[in-house]
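Colleague: 3D, please:
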Amino acid sequence: MSRRTIAILILIVGLGLLTLVGFFLILGQDQSSPPPVTETDTIDGTEGAPPPVDISQPQANGTPVPSDTVGVVVSLQTVPRGHVMTEDILAIDRRPRDTVDSNVITDTREVVGMFARTDIFQGQTLTRDKLAGDIREIVTSQYGPSSLIPPGFVAQAVPLSTFRLDPGGTIASVGYGLAEGDYVDILLLFDMRQIDEEFQTLLPNDLALFITVVVEDTDEKRFLEIDPYGYFEELPTGDTFHIRPREFQRPYVVGLVIQNAKVVQVGQYRLPESAAAQIATVTPTALPEGEATPTPGPAFVPTSTPVAPEVIVVALQPQQQLLLRYALEVGADVDFALRGINDGQLYPVDNVDLDFLLQRFNIEIPPNFGYSLDNRNYLITPTPTGQAPPTTGGGGAEDS
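Modeller: Down below sits the predicted model:
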């Protein structure tokens with residue numbers, strides 16, 4: 001076989017191979033298709049669904065959005081109950097129009113700033129009943145006061161009525177101006193009193209002291225009991241006297257403060273009623289036959305007198321909660337001071353007692369004087385009309 005024949009055969013085989021390769025390439029492009037869509041790739045509002053893609057705008061290839069779909073707001077991540085919804089965790093997903101009811105939210109502006117009533121999962125469609133505009137709505141609707149307790153805090157109930165000057169609780173409650181969500185400073189006043197170190201009881205101790213008295217005429221001995229409170233003291237004259245106090249032991253008062261406690265609840269908690277339960281049902285009364293139906297007049301609704309709250313629930317750190325419980329146990333006086341809005345600063349505060357007053361305000365204890373100014377007020381009796389004024393005297397004063 002000549003060289004020319006061999007070259008022609010090689011050329012024919014090469015062309016055939018190129019044609020076969022091109023055929024398979026074209027066939028592979030025609031048979032390529034997108035991967036099948038599984039159930040886990042769709043957004044069905046269940047936990048663990050992938051984050052949606054905002055396709056509310058026309059596609060890059062110019063394909064218009066189908067008119068039988070509507071954009072709904074979905075969450076890009078899982079958020080807990082009470083979380084504030086922000087724009088960065090929201091997206092728009094397309095759903096068939098016939099599957100979207102009036103409860104579904106279609107505008108992200110309606111969601112931003114709202115609070116989650118329940119735990120919202122990634123990819124879940126947002127509805128109006130899952131959000132609240134006020135955190136207190138979550139408390140009154142489903143979950144109770146626990147929604148207002150910050151993380152790491154516990155709730156403690158405290159009576160509003162104090163033991164000294166405020167039996168009705170008006171002063172302690174800042175004129176009943178406390179409300180759920182406020183922040184308060186809790187003021188505690190302790191009474192410190194001296195006790196007997198052996199008996200661990202309040203001083204002075206009780207005792208029975210008798211002296212023997214001999215009657216001169218009959219030489220009879222009698223026993224006289226002396227007041228148990230007091231002590232004996234010998235005067236410069238040589239006489240011994242028994243000195244006793246005129247009042248009971250005065251307490252040593254110490255005051256301290258617990259700062260920035262959150263008000264969780266004011267008054268007794270009551271379960272919320274449904275709308276149907278709040279509407280009074282009137283049973284109609286049958287009229288005699290032939291009698292005209294009377295025209296109803298304006299309904300009279302009696303005004304109920306509000307009941308003043310007797311207790312307040314505050315959120316405290318565990319150590320503060322134990323301190324407050326101890327204060328209630330030993331009978332400390334408890335008051336509340338209302339803080340301004342957004343004022344969460346902790347201020348350096350010194351505990352207040354008598355020594356604090358003397359040192360802080362430079363109060364000097366005056367010495368004991370042997371004399372004083374006479375500040376007694378004389379009783380002045382008004383003179384009746386037509387009579388001469390009576391003569392007043394006493395204390396060396398003369399009539400003017």
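Colleague: residue boundaries of the strands in the chain?
Modeller: Assigned by DSSP state E, the strands in the chain fall at 69-75, 90-96, 115-116, 131-132, 154-159, 183-192, 209-214, 221-226, 231-234, 240-243, 252-266, 311-316, 333-338.
Colleague: Quick one: mean pLDDT for the second one?
Modeller: This points to strand 90-96. Averaging pLDDT along strand 90-96 gives 90.
Colleague: How many residues are close by A286?
Modeller: 5 (other C-beta atoms under 10 Å). The C-beta positions use only the backbone N, C-alpha and C, and glycine is treated the same way.
Colleague: Against A292, how distant is it?
Modeller: With the distance defined as C-beta to C-beta, to the nearest Å, A286 ends up 14 Å from A292.
Colleague: same thing with G340?
Modeller: Taking C-beta to C-beta, one finds G340 at 62 Å from A292.
Colleague: returning to what we had before: adding mean neighbour count and distance to V349, write the strands of the chain out as TSV.
Modeller: Formatted as TSV, the strands of the chain follow (neighbours: other C-beta atoms under 10 Å; distance: least, C-beta to C-beta, whole Å):
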stretch	mean neighbour count	distance to V349
strand 69-75	22	44
strand 90-96	18	44
strand 115-116	20	33
strand 131-132	20	36
strand 154-159	16	19
strand 183-192	18	9
strand 209-214	10	47
strand 221-226	10	47
strand 231-234	10	40
strand 240-243	11	41
strand 252-266	19	5
strand 311-316	22	16
strand 333-338	19	11
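Colleague: and of those, who's closest to V13?
Modeller: Between V13 and the strands of the chain, the tightest spacing by C-beta to C-beta is seen for strand 90-96, at 55.1 Å.
Colleague: partners of the closest one, with directions?
Modeller: strand 69-75 (antiparallel) (DSSP bridges).
Colleague: got the contact list for the strand it pairs with?
Modeller: Applying C-beta atoms under 8 Å, 6 or more residues apart in numbering, the external contacts of strand 69-75 come out as 43, 45, 52, 56, 85, 89-97, 100, 104-108, 110-111, 120-126.
Colleague: Mind doing that once more with 7 Å?
Modeller: For strand 69-75, contacts defined as C-beta atoms under 7 Å, 6 or more residues apart in numbering pick out 43, 52, 56, 89-97, 100, 104-106, 108, 111, 120, 122-126.
Colleague: cool, stretch 360-376 as well?
Modeller: Everything outside stretch 360-376 that qualifies as a contact, by C-beta under 7 Å, 6+ apart, is L357.
Colleague: the bottom helix or strand of this protein by mean pLDDT?
Modeller: Sorting the helices and strands of the chain by mean pLDDT, DSSP states H and E puts strand 221-226 at the bottom, at a mean of 62.
Colleague: In this structure T201 contacts I195, no?
Modeller: Yes. Using C-beta atoms under 7 Å, T201 makes contact with I195 at a distance of 5.9 Å.
Colleague: Show the average pLDDT along the helix ranked longest in the chain.
Modeller: What stands out as the longest helix in the chain, according to DSSP state H, is helix 3-31. Mean pLDDT, helix 3-31: 73.
Colleague: Any buried residues in that helix, and which?
Modeller: Residues of helix 3-31 classed as buried: none (neighbour count, 16 or more other C-beta atoms under 10 Å).
Colleague: Quick check: beta-bridge partners of S75?
Modeller: L90.
Colleague: just to revisit the earlier point, out of the strands of the chain, which gets nearest to D166?
Modeller: strand 333-338 (7.5 Å).
Colleague: Not counting that closest one itself, show me its contacts.
Modeller: 158, 162-164, 171-174, 177-178, 182, 184-189, 327-328.
Colleague: V84 and A132: what is the separation?
Modeller: 11 Å.
Colleague: Now list whatever residues contact both of the two.
Modeller: Common neighbours of V84 and A132 (C-beta under 7 Å, 6+ apart) are F115.
Colleague: Quick one: the helices in this structure, in order.
Modeller: 3-31, 135-138, 318-329, 354-360.
Colleague: could those helices be laid out in a markdown table, adding distance to R270?
Modeller: Formatted as a markdown table, these follow (distance: least, C-beta to C-beta, whole Å):
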| stretch | distance to R270 |
| --- | --- |
| helix 3-31 | 69 |
| helix 135-138 | 14 |
| helix 318-329 | 24 |
| helix 354-360 | 43 |
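Colleague: And those: which comes nearest G152?
Modeller: helix 318-329 (8.4 Å).
Colleague: Quick one: list the elements packing against the closest one.
Modeller: strand 154-159, strand 252-266 (3 or more C-beta pairs under 7 Å, 6 or more residues apart in numbering; DSSP states H and E).
Colleague: out of the ones you listed, nearest to D217?
Modeller: Among the helices and strands packed on helix 318-329, strand 252-266 sits nearest to D217 (C-beta to C-beta), with 51.7 Å.
Colleague: contacts for stretch 317-324?
Modeller: So stretch 317-324 is contacted by 152-154, 156, 158, 186, 258, 316 (C-beta under 7 Å, 6+ apart).
Colleague: pLDDT for those - can I get that in CSV?
Modeller: As requested, those are arranged in CSV below (pLDDT from 0 to 100):
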residue, pLDDT
G152, 85
F153, 90
V154, 92
Q156, 91
V158, 91
I186, 95
I258, 94
L316, 93
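Colleague: Closest one of those residues to E220?
Modeller: V158 (63.0 Å).
Colleague: Not counting sequence-adjacent ones, nearest residue to that closest one?
Modeller: Leaving aside its sequence neighbours, V158 sits nearest to I312 (C-beta to C-beta, 6 or more residues apart in numbering; 5.4 Å).
Colleague: Would you mind measuring from that neighbour to E233?
Modeller: For I312, the distance to E233 - C-beta to C-beta - is 51 Å.
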